[in-house]
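Q: Sharing a model prediction with you, sequence too.
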Amino acid sequence: MREIWHHFIEIFLGIWQYPIFAIDERRMFTLATLTWLLFLLVMVLMAGRYFRHWIVSRFLRRTNLQPSLQYSIAKITHYAFVAVGFLIALQIVGINLSSLAVVVGAIGIGVGFGLQTIVNNFVSGIILLLERPVNVGDRIEVAGVAGRVIRIGSRSTTVQTNDNISIIVPNADLISHSVTNWSLGDPSVRVRVPFSVAYGTDLEKLKRLMIEVAGEHPKALKDPQPNLYFDSFGDSALKFELAVWTSEMSFNPRRFRSDLNFAIEKKLRENHIEIPFHQLDLHLRSGELRLKQDSVQIARESKVS
């Protein structure tokens, strides 16, 4: 039994010390080295998370910096900590970085062909954290996606819609595409709500009523003042736009528009102002239809004769 156990240990040690590749002329990269390296890398990642939490809780939260800037500083510090930790781990296991030139070159070729999208998203994430065109908590619209930014990761950004749906947007899309950021700078924006009324409506009365609608909404700003714009003469209606300033577009834009539409419809109905639908009026002049019938009868008689 002792011989079997001793033989098993010899096999295990042989596998444990099996060379995978040569580090230099004297040292080999073995399975034991690989296990030790993986252990160190896991410890670096765990330490990086703890370090980021410590930076935020013990240092950044005591400053007067904006939460979005604190998030960016914590993320960049975390990436730098992990990068330095990886380099130290490689040195501990005896891997000289200068000896990895060939491996790094091969990885570079792989990045150029297969990993360029991942690298592009990672670099775009660093740019987002440095330039901060989009911050955590901002309301944005990009590539048909509208919502609030809840996380900026190394590869992608998470946007949460008003329906509580989380959508993953690649960081490269936020750099290469046009992005509407409702929260960047002054949150006050002007919302235009289109509507139509029938021909013959008292326009002075209509303007007064629409200004009342804007003034009665609790989320509408009094300064700048709301205004009513005469857009165009339609086929069946006069077209207008109610322009209202608000800060609500960063939070509940759809609710704000919906409330204005309800208020406009109620105000028009209470004041007996018609909201027309598309229609076509046909007018027949007296005697014209009879003339056409006589001409058709004459044409038929001429053909018979």
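A: Perfect, thanks for sending it.
Q: my guess is F251 meets R139, correct?
A: Yes - with contact defined as Cβ atoms under 8 Å, F251 reaches R139; the gap is 7.2 Å. From N, CA and C alone the C-beta is placed, and that goes for glycine too.
Q: buried sites along the strand or helix carrying F81?
A: In the assignment (DSSP states H and E), F81 maps to helix 67-92. Buried residues in helix 67-92, counting neighbours by 16 or more other Cβ atoms under 10 Å, are found at 68, 70-75, 77-79, 81-82, 85-86, 89-90.
Q: Ok, stretch 53-63 next?
A: Buried residues in stretch 53-63, defined by neighbour count with 16+ other Cβ under 10 Å: I55, V56, L60.
Q: got it, and stretch 179-187?
A: For stretch 179-187, a neighbour-count test (16+ other Cβ under 10 Å) marks V179, N181, W182, S183, L184 as buried.
Q: Do you know the pLDDT at the fourth one?
A: This means S183. S183 is assigned a pLDDT of 76 by the prediction.
Q: Tell me how far it lies from D138.
A: Using Cβ to Cβ, to the nearest Å, S183 is found at 4 Å from D138.
Q: Not counting its neighbours along the chain, what's nearest V169?
A: T157 (4.9 Å; Cβ to Cβ, 6 or more residues apart in numbering).
Q: isn't there a helix covering that neighbour?
A: No - according to DSSP: H, G, I helix; E, B strand; the rest coil, T157 belongs to no helix; its state is strand.
Q: What pLDDT is listed against it?
A: For T157, the pLDDT comes out at 91.
Q: so where do the strands sit in the chain?
A: 19-22, 28-30, 139-142, 145-152, 156-160, 166-170, 180-181, 189-197, 227-233, 238-246 (DSSP state E).
Q: who's in contact with the nearest residue to T63 once chain neighbours are set aside?
A: Leaving aside its sequence neighbours, T63 sits nearest to Q70 (Cβ to Cβ, 6+ apart; 7.4 Å). Shown in contact with Q70 (Cβ atoms under 8 Å, 6 or more residues apart in numbering): V56, L60, R61, T63.
Q: mind checking pLDDT for the closest residue to the first one other than its chain neighbours?
A: The spatially closest residue to V56, leaving aside those adjacent along the chain, is A74, at 5.0 Å (Cβ to Cβ, 6+ apart). In the prediction, the pLDDT value recorded for A74 is 80.
Q: Let me see the contact set for A74.
A: R52, I55, V56, L60.
Q: Repeat that for Y199.
A: Each residue near Y199 by Cβ under 8 Å, 6+ apart is listed here: A237, L238, P276.
Q: Just read off the phi/psi values of it.
A: Backbone torsions of Y199, given as degrees, to the nearest 10, read phi -60, psi 140.
Q: quick one, which of F251 and R139 is more surrounded?
A: Taking other Cβ atoms under 10 Å, F251 and R139 do not tie; R139 has more neighbours (22 against 16).
Q: Against L129, how distant is that one?
A: Using Cβ to Cβ, R139 is found at 19 Å from L129.
Q: Could you chop this structure up by domain?
A: Domains of the chain are assigned by automatic domain parsing as 2-114, 131-181, 186-305.
Q: Need the per-residue pLDDT for G108.
A: Predicted confidence (pLDDT) for G108: 62.
Q: next one: R26
A: Among the per-residue scores, R26 holds a pLDDT of 60.
Q: One more: the one 3 residues further on?
A: F29 carries a pLDDT value of 65.
Q: that older thread, can you tell which of the domains of the chain is closest to G125?
A: Of all the domains of the chain, it is domain 131-181 that lies closest to G125, at 4.3 Å by Cβ to Cβ.
Q: next one: the closest one to chain centre, how far?
A: Domain 131-181 sits 2 Å away from the centroid of its parent chain (Cα atoms, centre = their mean, to the nearest Å).
Q: Show the end-to-end separation of it, please.
A: By Cα to Cα, to the nearest Å, the extent of domain 131-181 from end to end equals 14 Å.
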